[in-house]
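Asks: Here is a sequence with its predicted model. Questions after.
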Amino acid sequence: MATTTEAMAHTSSTAAEPRRADRFVVTTALTAAAVLAALIALETAPFLVALFFVGGVLGIGLYHGAFGFTGGWRRFVVHGRGSALRAQLALLALATVLIVPVLVFAADAGLSGALAPVGVSLLVGAFLFGFGMQLGGGCGSGTLFTVGAGNIRMMLTLVFFVVGSVLGTLHLPWWLDRPGFDPVNLAGGLGAGGAIALTLALCAGLAWWVTRIERRRHGDVERRLLAGPEGGVFSSLFKGPWPLIWAVVVLAVGNLAVLLLAGHPWGITFAFGLWGAKLLQAVGVDMGQFEFWSWDYPAMALADSVLVNVTSVTNFGLLVGAMLAAGLAGRFNRASQGRIPPRSLLAAAIGGLAMGYGARLAFGCNIGAMFSGIASASLHGWIWFAAAWVGSLIAIRLRPRFSLSND
Amino acid sequence: MGANRTYSRARLAITLLVIGGFILADHFASPTFRRNMGEGGFETTLSQRESQADACAPCGAPCPSDQNNAAD
């Protein structure tokens, strides 16, 4: 089954086939970027134009770096190979070093970290998300960048991601009444230096554990993180594939850029619930009757344009950036070749629903909750990681029942 | 490249145009567009952003203002 994010990512990184740009896709992506950027510039504010382009760079980085969280977790669980997981840990470490000092020392500048409560809602939501991302074939960022690259199956995952997100917004207030406690900011108790040191120690400890298991199982360790480009630097930059370290740096610096521009770190999935709620409202459903959509931020987002919603604008940029990258690589829609088994489509629907519902309960996805949460020194990011890992372990075992390969 | 193309150009263009239509329709019905057209007296996302001391992260957790309202 070659339609999952990871399968696509593998295809993307295959060097055997020469990469020839698809001029139509590249032109279309650049046109879409120019039109959207002009519209945002004319109608909103300069910082949103900048966010749109940051989203575009993130989309290019995710595609060319083939940076999938889902596949990396599965590759370690099934095959005992840890290079992708170590790259994710390096990403968390670098982003923490970049973001925590900004949050602590520029607290008066109106910046806020991705801090969220810890409780039943977080545990259940992250577990569901981890479960869903293995069946859906991609996480929050993975779903979005593969859709941008023209993956048909992932479009189905995204549709159900939106449906699940809307359901999650309706139930979130009930979940928040379950046991839990207020957000824990590690930088508050330990200071910026202590929070960074603790996070780096945790990342290093996990990387050591991953490496130990890989070496025990294979007798050697993949060293892909610091590997150089497969072709020339210029060709790799535009056509891919990128060395993992390039993607790590771009994603970490990109998250910092989102924080400086938007006032909070990178998030993806709030926009999915918003898009679904807007569609329901357009067909006559009064979303204001639901508590979540009466809160200040969601209510304003629902009433106003998607072009002034930070998460939506970043997502639009990410989609167009991934499309451009896939066009430059000559691989747009390549992952949708061949027949898609019906069971795989069922898995995409179940996975999308679970991810959408879980993301709302857990205050975000692997990006908004885990990546941005940990990089903000929030305890909930680590708990999200652990609960999603458990959900992933279960779903990995179920994948073959849905005609999804674990190879 | 054309021989290896796995997608329909027309379908791709139509899909993007439909998405663009949704975005425009949503924008034309928004307070931000009405304010840009010269109307006033109502809050927009950008004015809400300027009036708040801290940005509210769109993680889904209640903003501090919502928590304060709930506690009142």
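Replies: Nice, thanks for sending it over.
Asks: lowest-confidence helix or strand of chain B?
Replies: Using mean pLDDT, DSSP states H and E, helix B:64-71 stands out as the lowest-scoring helix or strand of chain B, at a mean of 48.
Asks: which secondary structure elements does the top helix by length along chain B contact?
Replies: The helix that spans the most residues within chain B, counting by DSSP state H, is helix B:9-28. Applying 3 or more CB pairs under 8 Å, 6 or more residues apart in numbering or on different chains; DSSP states H and E, we find helix B:9-28 packed against helix A:23-43. C-beta: built from backbone N, CA, C; applies to glycine.
Asks: how about the helix it packs on, does it reach chain B?
Replies: Yes. Against chain B, helix A:23-43 shows contacts by CB under 8 Å from any CB of the partner chain at A:23-25, A:28, A:32, A:35-36, A:39, A:43.
Asks: Show me what the following helix or strand past that helix is packed up against.
Replies: Toward the C-terminus, helix A:23-43 is succeeded by helix A:46-64 as the next helix or strand (DSSP states H and E). On a contact count with 3+ CB pairs under 8 Å, 6+ apart, helix A:46-64 meets helix A:23-43, helix A:140-148, helix A:244-262, helix A:310-329.
Asks: Take whichever helix or strand comes after helix A:46-64, keep the C-alpha atoms, and write them as CSV.
Replies: The element immediately downstream of helix A:46-64 (helix or strand, assigned by DSSP H and E) is helix A:69-74. Extracted C-alpha coordinates of helix A:69-74, given in CSV (Å, rounded to 0.1, in the frame of the first residue of the first chain):
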residue,chain,number,x,y,z
PHE,A,69,6.2,11.7,12.6
THR,A,70,3.9,8.8,11.9
GLY,A,71,6.2,6.7,9.8
GLY,A,72,9.2,7.4,12.1
TRP,A,73,7.3,6.0,15.1
ARG,A,74,6.2,3.0,13.2
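Asks: what's the average pLDDT for the longest helix of chain B?
Replies: Averaging pLDDT along helix B:9-28 gives 97.
Asks: ok, and for it, which residues are buried?
Replies: Neighbour counts over helix B:9-28 (16 or more other CB atoms under 10 Å in any protein chain shown) mark B:12, B:16, B:23, B:26-27 as buried.
Asks: any idea how far A:Gly368 is from the closest residue to A:Leu128 other than its chain neighbours?
Replies: Of all residues not flanking A:Leu128 in the chain, A:Gly358 sits nearest, at 3.2 Å (CB to CB, 6 or more residues apart in numbering or on different chains). Distance, A:Gly358 to A:Gly368, by CB to CB, to the nearest Å: 12 Å.
Asks: Tell me where the stretch 201-350 of chain A has helices.
Replies: A:233-239, A:244-262, A:270-282, A:296-303, A:310-329, A:342-361 (DSSP state H, counting those that start in this stretch).
Asks: okay, those helices, which one's buried deepest?
Replies: Of these, the one with the most neighbours on average (mean count of other CB atoms under 10 Å in any protein chain shown) is helix A:310-329, at a mean of 28.
Asks: Using PDB, list the CA coordinates for that helix.
Replies: Taking Å, rounded to 0.1, in the frame of the first residue of the first chain, the C-alpha atoms of helix A:310-329 are listed here in PDB:
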ATOM      1  CA  VAL A 310      -3.500  32.700  12.000                       C
ATOM      2  CA  THR A 311      -3.800  28.900  11.900                       C
ATOM      3  CA  SER A 312      -5.700  28.800   8.600                       C
ATOM      4  CA  VAL A 313      -3.300  31.200   6.900                       C
ATOM      5  CA  THR A 314      -0.300  29.100   8.000                       C
ATOM      6  CA  ASN A 315      -2.100  26.000   6.800                       C
ATOM      7  CA  PHE A 316      -2.800  27.600   3.400                       C
ATOM      8  CA  GLY A 317       0.800  28.400   3.000                       C
ATOM      9  CA  LEU A 318       1.800  24.900   4.000                       C
ATOM     10  CA  LEU A 319      -0.500  23.300   1.500                       C
ATOM     11  CA  VAL A 320       0.800  25.600  -1.300                       C
ATOM     12  CA  GLY A 321       4.400  25.100  -0.200                       C
ATOM     13  CA  ALA A 322       4.000  21.300  -0.300                       C
ATOM     14  CA  MET A 323       2.400  21.500  -3.700                       C
ATOM     15  CA  LEU A 324       5.300  23.600  -5.000                       C
ATOM     16  CA  ALA A 325       7.800  21.200  -3.600                       C
ATOM     17  CA  ALA A 326       6.000  18.200  -5.100                       C
ATOM     18  CA  GLY A 327       5.900  20.000  -8.400                       C
ATOM     19  CA  LEU A 328       9.600  20.800  -8.300                       C
ATOM     20  CA  ALA A 329      10.300  17.200  -7.500                       C
END
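Asks: Specify the angle between it and helix B:9-28 in degrees.
Replies: 160 degrees (axes from the mean of the first three to the mean of the last three CA atoms, to 10 degrees).
Asks: Which strands or helices does helix A:310-329 pack on?
Replies: helix A:23-43, helix A:46-64, helix A:140-148, helix A:233-239, helix A:244-262, helix A:270-282.
Asks: ok, residues contacting the third one?
Replies: Contacts made with helix A:140-148 from outside it, assessed by CB atoms under 8 Å, 6 or more residues apart in numbering or on different chains, are listed as A:5, A:8, A:58-59, A:62-63, A:67-71, A:133, A:136-138, A:154-155, A:157-158, A:161, A:268-269, A:315, A:318-323, A:326, A:335, A:352, A:355, A:359, A:364-368.
Asks: That one: what's the following helix or strand?
Replies: Criterion used, DSSP H and E; the element after helix A:140-148 is helix A:152-176.
Asks: buried ones in that following helix?
Replies: Buried residues in helix A:152-176, counted by 16+ other CB under 10 Å: A:152-173, A:175-176.
Asks: Ok, stretch A:194-205 next?
Replies: Within stretch A:194-205, the residues scored as buried using 16+ other CB under 10 Å are A:195-196, A:198-200, A:202-203.
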